Structures are given as C-alpha cells and as structure tokens.
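1. what's the 3D shape of this:
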Amino acid sequence: MKAVPDASAERGVWVVEKLVPGGDGLAHLADGRVAFITGAFPGDHVRPLAVEARKGHVRATRFELVEPSADRVTPPCPVAEVCGGCDFMAISNAAQLVQKEQLLRTALERTGGVSGLPARLPFTASDALLGYRSRVRFHVDGEGRLGFYARASHTVVEVPACAVCNAEINGALIRLRRVSRDALAGLSEIEVRSADAAPRISVLLVPRVPGGAGPSLKAVKAAVPAEWTVAVRGEESASDESQRFPLPAGAHVDALPGVFTQVNWGVNRALVERVLHGARERGVKRFLDAYAGAGNFSLPLLASGMVGISVEKDTRAVECARRAAQELGLPADGFVVGDAREKIAELARGRERFDLVVLDPPRSGARDVLEAVARLSAPAIALCSCDPVTLSRDVATLAKLGYRLEEVHGFDMFPATHHLEALAWTTRST
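-> Numbering: from 1, shown residues only. The predicted structure is shown next:
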C-alpha cells in the first residue's frame, strides 16, 4: 500500500543512513518517504529548517545538526560551510575513502548491473589531503569579486586562500587580487595552473564578453611576474609557453594554458601507472586512445614500446602531444585531431585492429562511441571516468556489447570532495 505523505514527518529529526551519488545524505521519514540532505553524512541526526517536498521525496535545503556523526571533524577551511567546492571536508579522511568506495560500489551495482564485486574495491589514496591541487578555476562576478561559487548558487565566495590548492596557486591568488575590481569584472573565470619547472604559473583569462579582455589582460600582466604565462581564451597565441608535467615510463606532458591536465598530479601518475601495468599484463602491442588530451596515457604507452593512434578534438592539446612525443623521440604521427565517435567509426570501417582501447571521456561518459568501439573487437577496453554513475552506465552498455567487467580501481583524485576517479577494465567475452 502506498504511503500517504504526513507533513509532521518532515518536522522531526532525520537520521542520515548513507550517501547517494552526488554526495547528498539520505534518510527515510516516518511515513516512508525518502529525504535528501546536502551537507549531511551517515550517522548525522539533523532537524530540517527548510524543506522542499517533491514527487516521491523531500529535500532539506537547510538543517540544524542535532547530533553529529562520529566521522565529523572541524573543517580546516574557514569558509567550508559556504563555499561549494569541498563538500566532504567536514568528515575524516578515513571516512571519505569509505564513502567514496561505497558510492562507486552502489553505482556499479545499481546502474551498472554488476554483481559479485569484492568485499573491498581497491582504492588509491592521495598522498596529500590538503594543498594537492595544481590547477584551479576561479570564478569572477560582475563586481570583480574573485573566488569560488557558494554551495548551490552562482554567488562568488571570496576565499582568503584555498586549503586544497598548493602554495603556488594560493600565491597566484594573492597576486591576482592586486588587479582592480573593474579590470577583473571583464572576466568570468581565471584558470591558474602550477608546475614544478618554469614557467611555474600559467593563467588563462576567460572574457565575460568574447574579445573583451584587453583591459583585463593588461591589468593582470601588470600585477603578476613577467615569467608567468598569461593567455586569453579565444585569443591563444603560438608564442604561449607550455608547462611540463612528468609521467611514468620517462614520459612527460607539455600543456599550453587552458589545455586540460588533472588537478592532482600525484594521483594522476598512479592512475597512468595502473593503465600501463594493465596493458603490459595483457600483452598489448597496439592501442587506440580516444579522448586522448595532451597524451596523458598515450605518451607513457608509446614510451613503453607500444604503438597506437590517439584521437582528440582539441587542436591545441594534439599540438602539445605531438611536441612532447618529438622531444621524447617517439612517433608523433599517431596523434590526430578529430571527433572520437567519427574517428572510431572510420577505424572500424577500415577493419583496424587494436589490443587495447583506452577511453577517458568527459563527465558525460562514452555513450556515443561504445557501439563503434565494440566493432573494433579489441580484447580489452580501459574505461576511465570521474563520475561513478556514468562509468557504471557505460559498463552496462559494454556488457550488452559483449564486454565483461574484469576489474575496477578507485583513485582519490579530489580529496575533501565526493568526486573520485575510477578505472574499469573490461574484457571481450563474445
């Protein structure tokens, strides 16, 4: 019999049972309805202060903490409660890993239809729990305030420093705050990235209006050291300096301002090592790397003696990969600019064969390319994702296309947040 909503059930104390994808806490009300609470953790007892009733569930948008979970800690950031960046900062590091492993497991079982997972999924922790970020995107509002969005809004929170950013990024933030608010207001975002070698800092300015960053660029360049690389989105120059990031197998990535790199380089290296280990274990000789970026996986695979084709739609990223390959004495002609779906379909029509396909798609997943990938009949597919739900959806699709999940490994790429990176190996079974 269907439960009848009882308004009084919304006014009691809710006990958070677990977390759901996206990081919200879940509770059950006395009338059987499901309740979601942003910012609450398993074991918390909360009293809702503002409730939105929706079809089949309710959501607390504000709450009073009546009894904290045993896993709660004092956040090491003074604006953690208002900034929307680090939603797991109020629970212990050990609890964070437990919850992330559970989020990955739940997604694989419910969305991926996977059964028989091991009692504990392997998980690589981050060496640094704070100060790990080497790349960050600051938002700028129309008043020239520079910082991060508040939780569930586009209100900019001006942080004195960011606890999860490294010292170089926080030093850059101080420098950028010397720029007048009028000049900053011409921008919508500023991406800052640090590297261990010169140029130590790169800055990418994103104009609020295309072509309108001239005064902002002039003001930023006047406020920061001359050795920094400063570029404007849409106005990138061939003279922009790239930054170098070391990879396993003696390889490295060269990345121009704005070209994607992972935010936690230590964990990224562990992820790449895992892909290399899996490729060697499976005797891979030829690979296809789709969504290849600047060569994060391809360059170490090539440096390990394999050959392959790498597809990426970002022209500047492909330029970076080719340059790094040439510097390393590796073949650069396998790096091609193109849409992953179109290129994979073309390779399948040409009956190209690969021992391994590596897929590292955007957060939305690889749904659009999986049928074409399956037509390549590669013995193994390594699927990397920063979203457990889309990863699991893609694993389920691959299962229908004849690929069995062989192993999955989590990586704590983003400590203090509910986000995680995961690597799934699937093997052709038909």
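2. switch to C-alpha atoms for all contacts and neighbour counts from now on
-> Noted.
3. tell me the contacts of Ser392?
-> Listed by CA atoms under 8 Å, 6 or more residues apart in numbering, the contact partners of Ser392 are Ala107, Leu108, Thr111, Gly112.
4. Filter those residues down to the ones in helices?
-> Using DSSP state H, Ala107, Leu108 are the members of those that sit in helices.
5. I'd say Ala396 and Thr111 touch.
-> Yes - the pair formed by Ala396 and Thr111 meets the contact definition of CA atoms under 8 Å, at 7.4 Å.
6. what sits against Glu101?
-> Counted by CA under 8 Å, 6+ apart, Glu101 has contacts Arg120, Leu121, Phe123, Gly410.
7. Using the three-state scheme, assign it.
-> What DSSP: H, G, I helix; E, B strand; the rest coil gives for Glu101 is helix.
8. And it, how far from Cys320?
-> 34 Å (CA to CA, to the nearest Å).
9. coming back round to it: report the buried members of the contacts of Glu101.
-> Leu121, Phe123, Gly410 (16 or more other CA atoms under 10 Å).
10. Skipping adjacent residues, who's closest to the second one in space?
-> Leaving out its chain neighbours, the residue that sits closest to Phe123 by CA to CA, 6 or more residues apart in numbering is Gly410, at 4.4 Å.
11. Let me know whether my guess that that neighbour is in a strand holds.
-> Yes - counting by three-state DSSP, Gly410 is located in a strand.
12. Show the contacting residues for it.
-> So Gly410 contacts Glu101, Leu104, Leu121, Pro122, Phe123, Thr124, Leu420, Glu421, Ala422, Leu423 (CA under 8 Å, 6+ apart).
13. before we move on, the earlier item: can you add pLDDT and give the contacts of Ser392 back as a markdown table?
-> What follows is those, written out as a markdown table (pLDDT from 0 to 100):
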| residue | pLDDT |
| --- | --- |
| Ala107 | 96 |
| Leu108 | 97 |
| Thr111 | 96 |
| Gly112 | 96 |
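14. Backbone dihedrals for Ala290, both of them.
-> phi -90, psi 150 (degrees, to the nearest 10).
15. give me the beta-bridge partners of it?
-> Val311, Leu359 (DSSP bridges).
16. can you tell me which helix or strand Lys221 belongs to?
-> helix 214-223 (DSSP states H and E).
17. Can you list the neighbours in contact with the helix or strand that that helix is followed by?
-> Next helix or strand after helix 214-223 toward the C-terminus (DSSP H and E): strand 229-232. For strand 229-232, the external contacting residues (CA under 8 Å, 6+ apart) are 199, 201-207, 213, 217, 221, 237, 240-241, 257.
18. what packs against the following helix or strand past strand 229-232?
-> Proceeding N to C from strand 229-232, the next assigned helix or strand is strand 243-246, under DSSP H and E. Judged by 3 or more CA pairs under 8 Å, 6 or more residues apart in numbering; DSSP states H and E, strand 243-246 is in contact with strand 252-255.
19. in the strand it packs on, what counts as buried?
-> Neighbour count says strand 252-255 has His252, Val253, Asp254, Ala255 buried, by 16+ other CA under 10 Å.
20. Same question for stretch 119-139.
-> Applying 16+ other CA under 10 Å to stretch 119-139 flags 121, 123-126, 129-136, 138-139 as buried.
21. What of stretch 162-172?
-> For stretch 162-172, using 16+ other CA under 10 Å, the buried residues are Cys162, Ala163, Val164, Cys165, Asn166, Ala167, Glu168, Ile169, Asn170, Ala172.
22. biggest separation within the contacts of Ser392, which pair?
-> The distance between the two most remote of the contacts of Ser392 (CA to CA) is 6.5 Å, for Ala107 and Gly112.
23. returning to that earlier point: drop anything exposed from the contacts of strand 229-232.
-> Buried among those (16+ other CA under 10 Å): Ile201, Ser202, Val203, Leu204, Leu205, Val206, Pro207, Ala213, Leu217, Lys221, Glu241, Pro257.
24. Looking at those residues, which is nearest Val46?
-> Val206 (40.5 Å).
25. any idea which element that closest one lies in?
-> strand 201-207.
26. Likewise for Ala424?
-> With DSSP H and E as the test, Ala424 turns up in strand 421-428.
27. Average the pLDDT values over that strand and round to the nearest integer.
-> Mean per-residue pLDDT for strand 421-428: 97.
28. Helix, strand or coil: sort out the nearest residue in space to Leu401 that is not next to it in sequence for me.
-> In space, and not counting its chain neighbours, Leu401 is closest to Ala374: 6.4 Å by CA to CA, 6+ apart. At Ala374 the chain is in helix, as set by three-state DSSP.
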